[in-house]
Each structure stands twice: as structure tokens, then as C-alpha cells.
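In: Would you be able to build a 3D model of this:
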Amino acid sequence: MRKPLIALIATLVVVATLTPAAAAHDATPSAGDVECEYPLELTDGTGETVALEEPPERVVALMPSDARTAFEIGAEDVVVGMPITDATADLAVGDRTDVTEDDGFTTDVETVVGLEPDVVVAGSAASEDEIDQLRDLGLTVYHFDEAESLEDVVENVAITGQLTGDCAGATETAEWMDDRFDLLESAVEDEDHPLAYYPMGGGFTAGTETFQHEVMTTAGLENVASHAGIEGWEPISEEVVVEEDPEWIVYGDGFDEPQVSEAVHETTASQEENVVAVDDNDFSQPGPNVVFAVEEILEAVHPDAYDEISDDLAALDADYESDESDESDEAGDADDADDTTDDPVPGFAVPAAVAALLAVVAVLARRR
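Out: Got it, this is the predicted structure:
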């Protein structure tokens, strides 16, 4: 398969300086208060305490979603290793090292260790055995929990900012996602929400407690899987789908066509050709581009509602791109200033004031 992938209320805390001698801060993003100070302690999805003494200079992104998030927030300069596969083909990989085996899925543990990363960021789909191996070999690894909601995806962005040392970029990205979700959701709040089916292949679908479910509902659909009482990523019988008779089918465009049975082809969705192919990277990876999966579906299902907000979406994107450009310029100015200073902060060049992070998988093989 080729390409991959509510609003959180944020409080920004301005941190005047970063001092290596400071006490460690357990700064897992929350809705009320997020600090971006080093030394830093975070608790990952496995309950492991992950400690960073200073902003990392070498990061390995173990899953495509990890790499995509790091690139989107502007932290790609510290990424030295990542999966180089179809799922990351649209990223500017450059001379970064591929950390996957020839199968494109299995982590090459020896390669990761050889890169000598300060921290490894690992999406929830990463094998626990691989994580244990890396930790046993002395590496610091943050293993993300399953993203069960769009809020979780935004939180992952915030955490990635802390783990890569790019808190300002993560804040901008999370705010942009937050604003987009608000706008998209408001566009369909007075619209009918037709029933839809998301076939993932192999008879599986995404039920409640998944971010794909929230992608669908935010885009103005009801999910067949939720009607069937399905939670998480589980099989659904064709009999249930046929009985529910969805009006729409949405699927990842890594497939040429929806992976459904002949019986499901008799549903209203198939008969009326109400089928939406969504960018597989956007829909399957718990990263910033999940906002575009919502947009793709909403535009297809509710075109009039989409037309009313299209200019506002474009304005949000323009502001976001402008903010990213400003951050890049400021980072360059900071680097120039640090080149001439007599007493830089060891290990990391920082401006005098840093905006703290926003307060804030994997789906089968594709959720890598």
C-alpha cells in the first residue's frame, strides 16, 4: 500500500530560559499547562519514564507517522533516521538513514543503534519486542499510545515537539489543526450525517475509540461500525454492513477500489456510487495531515457546506505557512547570534524566550 495520513484548548506558557542545571520536569501535554523545559521527563504509552537532559540533536523516527509529524512541525533537521518507504515517499528524505528492513516494516535494530540517537520516537504500531531490544541496548525510546481520537493526534504532535526540541513549531501546528477541526466541524453541524462504511481490507473497519471514527464524524458522517457496537480496529461482518445499508463508503486510496464483498456492492453507497477515496497517508497515520482526510471526506459528502468554508480554510493555511516561515527565519537568526556568543547553552542554541508547547497508529500495517 502506498500513501498515508476536538479541538484542544491550549494555554501557552512562555519559558524565559533553558538551563541544563534545572530540575527535571514531568511535562506531558495537558489541557491546562504545558512546560517545555529541559531536563524533561515524560511518561510514554507503556508507562516508561523517558528523560531528556537537554533538547536532542539526533532523533530516530521509527514509524512513518513519527517522521511525518517531525517534518510538519519543522524538526526534520534533528531526524537522522526514519522509515524510507512508500509511506514517506512525499517527504524530503535527503541523506537520512532508512531504519527498516527490506520488507519495509520491520525495524532494523542494528541500524538504529548505530545512528546513536539521543531519543527514538516510536508510534504505537512499533513492535514491543523491538522497543525492548532498543531499550536493552541503552537507547532512550518514547513509545506512543494508540491514538483513539483526534485530540490524541494533536497531543502526539505536542509530545513530538518536546521530544525533538521544536516546541514552537509543534505549538503552531497543533493550533492550526485545532482551528481547522473547529471550522470543518462547524460547517456540518446543521447538516444531515449520512451513514458510512470504512472498509480497511481483510474485513476490518475502525469503530469508536479510533481517530478514524472521529475523522468520519467530524466530516459529517455516521459510522456503521459504531452502530454495530465495534470499538477499535475490528472485523465487521458483511451481513451487518448490508443490513445497515450505508449511504457512503470511504476508503484509503492505497487500494484501487473499496475492499468489500459482492453483497456490500448492493448497498445504497455502491449503487449510487457514493464512494470517497481518501489519501491513505492522511487517513491512516496519526499525524498533522489527518486534517486533510477530514477535508477530503467533507468536500465529497457535503459540497455546499464545504464551499462556504473553503476560503476560510485557505486563509488558515496561509497564516500557518506564514508562521512557519517566520519561525524558520527566527531560528536562522538565533543560530547566527549563537555563532558569535562566548557562552552558549551547552548542546542547544535557543532564543531568550521560548513558547511552550500547546496543551494539549496505527491501523494494522498501515498504521505505521
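In: and Leu134, how many residues sit next to it?
Out: 23 (other Cβ atoms under 10 Å). Where you see a C-beta, it was placed from the backbone N, CA and C, and this is true even at glycine.
In: Backbone dihedrals for it, please?
Out: With angles defined as degrees, to the nearest 10, Leu134 sits at phi -60, psi -40.
In: Now do the contacts for it.
Out: By Cβ atoms under 8 Å, 6 or more residues apart in numbering, Leu134 lies in contact with Val109, Val112, Val113, Val120, Val141.
In: one more time with 7 Å, if that's ok
Out: If you count contacts by Cβ atoms under 7 Å, 6 or more residues apart in numbering, Leu134 has them with Val109, Val112, Val120, Val141.
In: so what's the last one closest to, chain neighbours aside?
Out: In this case it means Val141. Of all residues beyond its chain neighbours, the one nearest Val141 is Val120 (4.4 Å), with distances taken as Cβ to Cβ, 6 or more residues apart in numbering.
In: from what I can see Leu298 touches Ala219, true?
Out: Yes. Using Cβ atoms under 7 Å, Leu298 is in contact with Ala219, at 4.2 Å.
In: what do those two both touch?
Out: If you check Leu298 and Ala219 against Cβ under 7 Å, 6+ apart, the residues they both contact are Leu184.
In: Between the two, tell me which one has more neighbours.
Out: When Leu298 is set against Ala219 and neighbours are counted by other Cβ under 10 Å, the residue ahead is Ala219, at 28 against 25.
In: ok, that one to Phe283 distance?
Out: Counting by Cβ to Cβ, to the nearest Å, the gap from Ala219 to Phe283 is 11 Å.
In: element containing the residue nearest to Val141, please.
Out: According to DSSP states H and E, Val120 maps onto strand 119-122.
In: Can you tell me which helices and strands that strand packs against?
Out: In terms of contact count using 3 or more Cβ pairs under 7 Å, 6 or more residues apart in numbering; DSSP states H and E, strand 119-122 is assigned the packing partners strand 59-61, strand 141-143, helix 150-164.
In: Check the gap between the most centrally placed residue in the chain and Glu128 for me.
Out: Averaging the C-alpha coordinates of the chain gives a centre point, and the residue nearest to it by Cα atoms, centre = their mean is Gly287 (1.4 Å). Between Gly287 and Glu128 the distance, using Cβ to Cβ, works out to 21 Å.
In: quick one, domains of the chain?
Out: Domain ranges of the chain: 14-168+324-367, 184-309, per automatic domain parsing.
In: Torsion angles phi and psi at Asp253?
Out: Note on Asp253: backbone dihedrals following degrees, to the nearest 10 are phi -80, psi 10.
In: let me fix that: Ala147
Out: Backbone torsions for Ala147, taken as degrees, to the nearest 10, come to phi -90, psi 100.
In: Please report the distance of it from Asp86.
Out: 21 Å.
In: what about these two, which has more around it?
Out: Ala147 (28 against 16).
In: what about the residue lying closest to the more buried one once chain neighbours are set aside, neighbour count?
Out: Using Cβ to Cβ, 6+ apart and skipping residues adjacent in sequence, the residue nearest Ala147 is Pro286, 3.7 Å away. Using other Cβ under 10 Å, the number of residues around Pro286 comes to 35.
In: Quick check, pLDDT for Pro286.
Out: The predicted structure scores Pro286 at 95 on the pLDDT scale.
In: Let me see the ranges of the strands in the stretch 51-200 of the chain.
Out: Counting by DSSP state E, counting those that start in this stretch, one finds strands in the stretch 51-200 of the chain at the ranges 59-61, 79-82, 97-98, 119-122, 141-143, 195-197.
In: Can you add mean pLDDT, distance to Val276 and mean neighbour count and give the ones you listed back as CSV?
Out: CSV is the format used below for these (pLDDT from 0 to 100; distance: least, Cβ to Cβ, whole Å; neighbours: other Cβ atoms under 10 Å):
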stretch, mean pLDDT, distance to Val276, mean neighbour count
strand 59-61, 98, 29, 29
strand 79-82, 98, 29, 23
strand 97-98, 98, 32, 16
strand 119-122, 98, 31, 28
strand 141-143, 98, 33, 24
strand 195-197, 98, 8, 23
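In: All set now, cheers.
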